[in-house]
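Trainee: Structure for this input, please:
(one chain, ligands or ions: 1)
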Amino acid sequence: MAAARGEFSSRFGFLMAASGSAVGLGNIWGFPTNAASNGGAAFLFTYLILAFALAYPALMAELIIGRHARANAITALRSIASGPRTRLLALFVGFAGIITVSLILSFYAIVSGWMIAYFLDPLARIVQMDGFASWLTQDAVARNAIFVVVFMYMTIYIIRAGVKDGIERWASRLMPSLIFILVLLIGYVFTLPGAMEGLRNYLLPDFSRVADPQLLVDAMGQAFFSLSLGVGTMLIYGSYISKEENLPTVGTLVALLDVGIAVLAGLLILPAMYVALGAGVQIFDANGGLIAGPGLIVSVLPELFNNMGTVGVFVALAFFLLMTIASLTSSISMLEVPVAYAVEHHKVERPRAALIIGAIITLISLIIVFNFDQLFDLVVTVTTEMSQPLLGLFFCIFAAWIWQRNEVLQEIKQGSANAENGLFWKIWPFYIKFICPIAILIVYFQ
Ligand code: PHE
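Mentor: Next comes the predicted model:
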């Protein structure tokens, strides 16, 4: 006997969970630096267009398939397949999604572990454990390994409790806190010297860059990663939405929240970098670009916080708490993908499934930690640049080419009776059938 499926108890709960999945390191770390090194507001502009023209339709495809099937990605895709070949394809795409998202989690947990370590650092200094503090901020295998385990434990703890008592409850607490901390930090950083220069750098468009192919590739990759697409995450969250809910509306709200928080994060990170510049911190790399990789979060910003004196301790605490929250609400959505499959398909009990799958992913994370230079970049590239957009393409193909158009409409009509005459149904089917696949392919082969 399968256990009863979970369901989000309210629109707010779903919005917090889904935007929690979407808003992660990709928004607070990836987006602002991508924007700064790709022509500022020109990137922002391109990103907004791509996010709404390409990523939003793909997001809707996952939500609609998920809610229709009320099942994990593999079962869901198989249920809309039209024959033996497409059923096989469904199996393949679903599995590839599960493997991809598990690997994404395995590197995400490492970076999230750093965020916890950097959050503890100011606390250690307050209680004058200086030795411990410097251990926390030194890039060492032992530290990375320990914090991977800590972070994965937190993720497993939430997923064990299920959709309502785990995901929804925690996302509803954490996401409002995230927005509150973010706004508070922006307000503070704006008062510091140099902030306005950063703002100018972020918001003044260099339109000569808009047609740059690299900018397009970066913006699309950013949009797909940021909306958690292609790996079944949004599909599984969609499967927990009530049949009374208006899908196009909630999908739009998730996209707006995700993009909005990315744009907000830019208002924090860029000004902070230029404040750091004024304080004598190195913010440009050898090629003259802004430091964007791990260096930004684990060297530029901590150096800035150290320069701020006592206030810096609180700013650092707030900032790394923000990063940890953003990570956690995303990591739970990643772990939910394989766990839902194990629970529904193999009838494993949820707590057990969460523990076993979480442990396997932790193990993979540790293998990466111990072979960081060989594996880390490789796993990031293969999962986010190669696998994710390609799988996103297949989800579009399933929604537009394989699934019966009339069934799609019937699903949307639940919760939105008049959908047939609405704007969404006028535009989306065409987009998802032609524009999205072609655009993904073009960018993919760049
Ligand atoms: N959207 C998350 C972020 O921006 C990452 C993510 C990718 C989450 C894939 C779930 C699935 O950080």
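Trainee: contacts and neighbour counts: CA atoms only from here.
Mentor: Fine.
Trainee: Using the three-state scheme, assign the residue of the chain most remote from its centre.
Mentor: Centroid-distance maximum for the chain: residue 128 at 35.4 Å, with C-alpha atoms, centre = their mean. Put simply, residue 128 is coil when judged by DSSP: H, G, I helix; E, B strand; the rest coil.
Trainee: Where does residue 159 sit, in terms of helix or strand?
Mentor: Residue 159 belongs to helix 141-160 when assigned by DSSP states H and E.
Trainee: Which residues outside the helix or strand just after that helix are in contact with it?
Mentor: Using DSSP H and E, the helix or strand that follows helix 141-160 in sequence is helix 162. Applying C-alpha atoms under 8 Å, 6 or more residues apart in numbering, the contact partners of helix 162 are 6, 350.
Trainee: Look up how far residue 312 lies from the residue farthest from the centre of the chain.
Mentor: Remark: distance between residue 128 and residue 312 (C-alpha to C-alpha, to the nearest Å) = 16 Å.
Trainee: what about residue 46, helix or strand, and which?
Mentor: Using DSSP H and E, residue 46 falls in helix 41-50.
Trainee: If you count neighbours, what's buried in that helix?
Mentor: Under the neighbour-count criterion of 16 or more other C-alpha atoms under 10 Å, helix 41-50 has 41, 42, 43, 44, 45, 46, 47, 48, 50 buried.
Trainee: got the residues of the stretch 151-300 of the chain near the ligand?
Mentor: 225, 226, 227, 228, 233 (C-alpha under 6 Å from any ligand atom).
Trainee: Could you identify the pair within the buried residues of helix 41-50 that is furthest apart?
Mentor: 41 and 50 (13.9 Å; C-alpha to C-alpha).
Trainee: what residues are up against residue 341?
Mentor: Neighbouring residues of residue 341 by C-alpha under 8 Å, 6+ apart: 72, 73, 74.
Trainee: Contacts only, for the second one.
Mentor: This points to residue 73. 66, 94, 232, 235, 236, 337, 341 are the contacts of residue 73 under C-alpha under 8 Å, 6+ apart.
Trainee: circling back: I'd like to know which of the buried residues of helix 41-50 is nearest to the ligand.
Mentor: Comparing the buried residues of helix 41-50 against the ligand with C-alpha to the nearest ligand atom places residue 47 closest, at 13.8 Å.
Trainee: pLDDT value on the closest one, please?
Mentor: If you check residue 47, the pLDDT there is 89.
Trainee: Over to residue 3?
Mentor: Value for residue 3, per-residue pLDDT: 50.
Trainee: Check residue 203 too.
Mentor: Per-residue pLDDT puts residue 203 at 88.
Trainee: and the buried residues of helix 41-50 as a markdown table, adding distance to residue 347?
Mentor: Shown next, in a markdown table, are those (distance: C-alpha to C-alpha, whole Å):
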| residue | distance to residue 347 |
| --- | --- |
| 41 | 49 |
| 42 | 49 |
| 43 | 46 |
| 44 | 45 |
| 45 | 46 |
| 46 | 44 |
| 47 | 41 |
| 48 | 41 |
| 50 | 39 |
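Trainee: which element is residue 33 on?
Mentor: Using DSSP H and E, residue 33 falls within helix 31-37.
Trainee: ok, how many other residues are close to residue 337?
Mentor: 26 (other C-alpha atoms under 10 Å).
Trainee: host element of it?
Mentor: In this structure, residue 337 sits in helix 310-345 according to DSSP H and E.
Trainee: so the helix or strand following that helix versus helix 310-345, what angle?
Mentor: Remark: after helix 310-345, the chain's next helix or strand is helix 350-370, criterion DSSP H and E. Our comparison of helix 350-370 with helix 310-345, counting by axes from the mean of the first three to the mean of the last three C-alpha atoms, to 10 degrees, yields an angle of 120 degrees.
Trainee: Which secondary structure elements does helix 350-370 sit against?
Mentor: helix 84-126, helix 141-160, helix 310-345, helix 372-380 (3 or more C-alpha pairs under 8 Å, 6 or more residues apart in numbering; DSSP states H and E).
Trainee: go with 10 Å
Mentor: If contacts are counted by 3 or more C-alpha pairs under 10 Å, 6 or more residues apart in numbering; DSSP states H and E, helix 350-370 sits against helix 84-126, helix 141-160, helix 162, helix 310-345, helix 372-380.
Trainee: Include mean pLDDT when you put the ones you listed into JSON lines, please.
Mentor: Output for those, formatted as JSON lines (pLDDT from 0 to 100):
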{"stretch": "helix 84-126", "mean pLDDT": "96"}
{"stretch": "helix 141-160", "mean pLDDT": "98"}
{"stretch": "helix 162", "mean pLDDT": "96"}
{"stretch": "helix 310-345", "mean pLDDT": "96"}
{"stretch": "helix 372-380", "mean pLDDT": "95"}
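Trainee: Next, the buried residues of stretch 410-423.
Mentor: So, applying 16+ other C-alpha under 10 Å, buried residues of stretch 410-423: 411, 412, 413, 414, 416, 419.
Trainee: Tabulate the CA atom coordinates of that stretch in CSV.
Mentor: Only the C-alpha atoms of stretch 410-423 are listed here, as CSV (Å, rounded to 0.1, in the frame of the first residue of the first chain):
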residue,chain,number,x,y,z
GLN,A,410,-7.9,20.0,-19.1
GLU,A,411,-5.1,20.0,-16.4
ILE,A,412,-4.7,23.8,-16.6
LYS,A,413,-8.4,24.3,-16.5
GLN,A,414,-8.6,22.8,-13.0
GLY,A,415,-8.2,25.8,-10.9
SER,A,416,-8.5,28.2,-13.8
ALA,A,417,-11.8,27.3,-15.5
ASN,A,418,-11.5,30.0,-18.1
ALA,A,419,-7.9,29.1,-19.1
GLU,A,420,-8.8,28.4,-22.7
ASN,A,421,-9.5,32.0,-23.4
GLY,A,422,-6.7,33.4,-21.3
LEU,A,423,-3.4,34.9,-22.5
